[in-house]
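Peer 1: build me a model from this:
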Amino acid sequence: MNLINIKPWNTDELREIAVAGFNKLNMQIDLRIADNIAQESLSSPQLMQSICYNLSMILDIDNTDHPAMPDQEILDKAYRMTSLNLLAYQEVARKLKTGPNPRGQKRKTYLTIKGEETDIYELLLKAIADDPPIVSLSIDSIKRRIDVLLGNNADRPDRVKIKAAIDQMQAIMQSSEPMYQVFEYKDDEVYILEPLFLFFLRWGNLN
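Peer 2: Next up is the predicted model:
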């Protein structure tokens, strides 16, 4: 898969894609909705355009004189639809979620507030994908997100366990093809290198 590097855009620039685009379709989009889409686009104009296109398809703007302003449910549907164009990242997510070979040993699992049983690698991906979408997260931020995901569960991975798991994930990426290089870990910070991967983590099917 060939990736095209596009200069990151700020929120105001991304918002203008939605405002100008929907104006041409005779629809004045609410700025709060445009900002929501811009936040999910993670500085990528390519992603912003894809989301807006799928949203216009869902609203059937071409065949509707006065399309209704989308609510959060419709926005979420547009995000999930957009993730279908990013299925190349499904295998990347699966590989990272699987983690290193456990060599016959059973991994420790954690119970989330949603009743999901996850190991440390899946838990890390859930934390990275949690709200709000951010392309740079410190170890302490990731731990706080994990603590929220686990709720009152007293059994939580500590900072050392989290760092070790991220190191393992980075080793997996470094020994894989270039498209697997989706984040970098240095100086106790995780930097998302590919916004499309983070978007897929948030809205795609990881199974």
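
Peer 1: which stretches of the chain have low pLDDT?
Peer 2: 1-7 (pLDDT under 70).

Peer 1: for it, what spans make up the helices?
Peer 2: 11-24, 31-41, 45-59, 72-83, 88-98, 120-129, 139-150, 159-174, 195-203 (DSSP state H).

Peer 1: quick check: Ile162 touching Asp140?
Peer 2: No. Under the criterion of C-beta atoms under 8 Å, Ile162 makes no contact with Asp140, lying 9.6 Å away. For the C-beta atoms, the positions are set from N, CA and C on the backbone; glycine is no exception.

Peer 1: compare those two (neighbour count), which wins?
Peer 2: Neighbour tally, Ile162 and Asp140, criterion other C-beta atoms under 10 Å: the higher count belongs to Ile162, 20 against 12.

Peer 1: show me the contacts for that one.
Peer 2: Each residue near Ile162 by C-beta atoms under 8 Å, 6 or more residues apart in numbering is listed here: Ile120, Leu124, Ile139, Ile142, Lys143, Ile146.

Peer 1: and these, which is closest to Met81?
Peer 2: Proximity to Met81 was ranked across the contacts of Ile162 by C-beta to C-beta; first place goes to Leu124, at 26.4 Å.

Peer 1: relative to Ser41, which of the contacts of Ile162 is nearest.
Peer 2: The closest of the contacts of Ile162 to Ser41 turns out to be Ile142 (C-beta to C-beta; 22.1 Å).

Peer 1: doesn't Asp188 make contact with the closest one?
Peer 2: No. Contact criterion C-beta under 8 Å: Ile142 and Asp188 do not qualify, at 9.7 Å.

Peer 1: quick one, which of those two is more surrounded?
Peer 2: Neighbour count, other C-beta under 10 Å: between Ile142 and Asp188, Ile142 has more, with 23 against 12.

Peer 1: which of the contacts of Ile162 sit farthest apart?
Peer 2: Ile120 and Ile139, at 13.4 Å, using C-beta to C-beta across these.

Peer 1: contacts only, for Gln39.
Peer 2: Gln39 sits next to Thr11, Pro132, Pro133 when contact means C-beta under 8 Å, 6+ apart.

Peer 1: distance check, the residue with the largest distance to the centre of the chain against Leu59.
Peer 2: Ranked by distance from the centre of the chain (C-alpha atoms, centre = their mean), the top residue is Asp65, with 33.6 Å. Asp65 sits 12 Å away from Leu59, taking C-beta to C-beta, to the nearest Å as the criterion.
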